[in-house]
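Participant: predicted model and sequence below, questions to follow.
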Amino acid sequence: MSKERVAIIGSGNWGSAIARQAGKNVLKHGNVFEERVPIWVYEEEFEGQKLTEIINTTHINKKYLPDVELPSNVVAVPDLVGAVKGATALIFVMPHQFFPKILEGLKGHVDHGIKAISLIKGVEVHGNDIRIFADVIESQLGISCSALSGANIASEVAIDRFSETTIGYRKKEDGEMWKKLFETPSFKVHLIDDVAGVSLCGALKNIVAVAAGIVDGLGYGNNSKAAIMRIGLLEMKHFCQEFFKDVKDGTFLAESAGVADVITSCMGGRNFKVASAFVTQKKPFDVLEQEMLNGQKLQGIHTAKEIHHFLKSHGRLGAYPLFDKVYHICWDGMPVDQLTEGL
Ligand SMILES: NC(=O)C1=CN([C@@H]2O[C@H](COP(=O)(O)OP(=O)(O)OC[C@H]3O[C@@H](n4cnc5c(N)ncnc54)[C@H](O)[C@@H]3O)[C@@H](O)[C@H]2O)C=CC1
Ligand SMILES: O=C(CO)COP(=O)(O)O
């Protein structure tokens, strides 16, 4: 059997951390995977040098994951089509706002019948239609797509702090292949047959994390934060089961992608931190994103807007008061202390 040729599309904070996992595991499972792992890098200058050159000479993504060495078989490629040429196992890991343009660039350049996995935490909304990225990838590129999501703050995974993640697979054998590529003794992968549940949890928890950041910024303490997590998890579950069939109950309560990701994101994720600063520093989100994240991107405020438009088009805003409040606070000038009113 010919070996899988892995390519990674996206090289931010999580993209780089996961490249480290994959780069090591292709060497460990040399009977399954080709050694070279190209990673597409959105080219930019960092400290006067091209980021791809920095990565390929120092084996460190100094902008997005400083201080962590990547295996030397992970090779930065600035050309998207060149990065995926010949690949049989594609990893999608970019901030969701950049996905549509990248997808356009890939059309006609990936072979049918290959496999993909989406690590993107977000959804695509057009009017009253919502889709997870695994479905968009499948329908637009004609390839089978799994999803990986979990309580996975990238900087912790990148230094081998014990973590778990969940892979939702379409075909069990695909799930097993992805598990081989990502799992290490400190990064445990659990496989489930729920691509939609895994993907939606990853997207929706980012709205909940913004809410947790707001109560943190307000100085409300741990009871309030726990209440936000509980209410948020219930809205996530309700939303998934209302708009997606076959999402499994267990994904919310028994999986890293569900409750565990809500907890970690509401304690220390970027959405949480920036939302807390939004309250204490009273600056707009885009300014804080630039000041605090050094090029990394927020997902939660955009997902809040997308979900708001989707729910509005279905006349269902009233059923999701937490999601709705986060939208109004982020985009509509609602005072932050109104977050918990009426919850
Ligand atoms: N960072 C984390 O701890 C985790 C992130 N995720 C998810 O993984 C996905 C990717 O996140 P990160 O790798 O952390 O990205 P990031 O937040 O570090 O974003 C920076 C990336 O965006 C790219 N970029 C900037 N402008 C661009 C443009 N105009 N076009 C295309 N790309 C552009 C940069 O080159 C860089 O690769 C997101 O959906 C995120 O929610 C999931 C688990 C953990
Ligand atoms: O998804 C994450 C942890 O699982 C990271 O969340 P943030 O994007 O809020 O940092």
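Facilitator: Structure's in. What do you need? Ligands and ions are numbered 1, 2, ... in the order given.
Participant: the protein against ligand 1: which residues are in contact?
Facilitator: Applying CB under 6 Å from any ligand atom, one finds that the chain approaches ligand 1 through 10-15, 42, 64, 93-96, 98, 119-122, 152-154, 295-297, 299. Heads up, the C-betas are built off the backbone N, CA and C, glycines and all.
Participant: buried ones among these?
Facilitator: 10-15, 42, 64, 93-96, 119-122, 152-154, 296, 299 (16 or more other CB atoms under 10 Å).
Participant: also near ligand 2: which of these, exactly?
Facilitator: 121, 152-153, 299.
Participant: residues contacting the residue of the stretch 1-150 of the chain found nearest ligand 1?
Facilitator: Proximity of the stretch 1-150 of the chain to ligand 1 (CB to the nearest ligand atom) peaks at residue 12, 2.3 Å away. Counting by CB atoms under 8 Å, 6 or more residues apart in numbering, residue 12 makes contact with 64, 93-95, 295-297.
Participant: identify the farthest-apart pair in these.
Facilitator: Greatest spatial distance among these (CB to CB): 93 and 295, at 15.3 Å.
Participant: so what touches whatever helix or strand residue 273 lives in?
Facilitator: Per DSSP states H and E, residue 273 falls inside helix 270-281. Outside helix 270-281, the residues that touch it by CB under 8 Å, 6+ apart are 206, 209-214, 216-218, 265-266, 283-285, 288-289, 292-293, 296, 298-301, 336.
Participant: and the closest residue to residue 259 other than its chain neighbours, how many neighbours?
Facilitator: With CB to CB, 6 or more residues apart in numbering as the criterion, residue 259 has its nearest non-adjacent residue at 5.7 Å, and that residue is residue 253. The local packing of residue 253 (other CB atoms under 10 Å) involves 11 other residues.
Participant: what residue in the stretch 1-150 of the chain comes nearest to ligand 2?
Facilitator: Relative to ligand 2, the nearest point of the stretch 1-150 of the chain is residue 121 (5.4 Å; CB to the nearest ligand atom).
Participant: okay, now residue 171: neighbour count?
Facilitator: The number of residues packed near residue 171 is 12, by other CB under 10 Å.
Participant: who's in contact with it?
Facilitator: Residue 171 makes contact with residue 144, according to CB under 8 Å, 6+ apart.
Participant: what do you get for residue 29?
Facilitator: Neighbour list for residue 29: 180-181 [criterion: CB under 8 Å, 6+ apart].
Participant: for residue 317, see how far away it is.
Facilitator: 48 Å (CB to CB, to the nearest Å).
Participant: for residue 9, same thing?
Facilitator: Distance, residue 9 to residue 317, by CB to CB: 34 Å.
Participant: these two touch, right, residue 229 and residue 265?
Facilitator: No: if you go by CB atoms under 8 Å, residue 229 and residue 265 don't touch, sitting 9.3 Å apart.
Participant: ok, residue 205 - contacts?
Facilitator: 121, 232, 236, 261-262, 265.
Participant: so for stretch 151-169, mean pLDDT?
Facilitator: Regarding stretch 151-169, the rounded mean pLDDT is 98.
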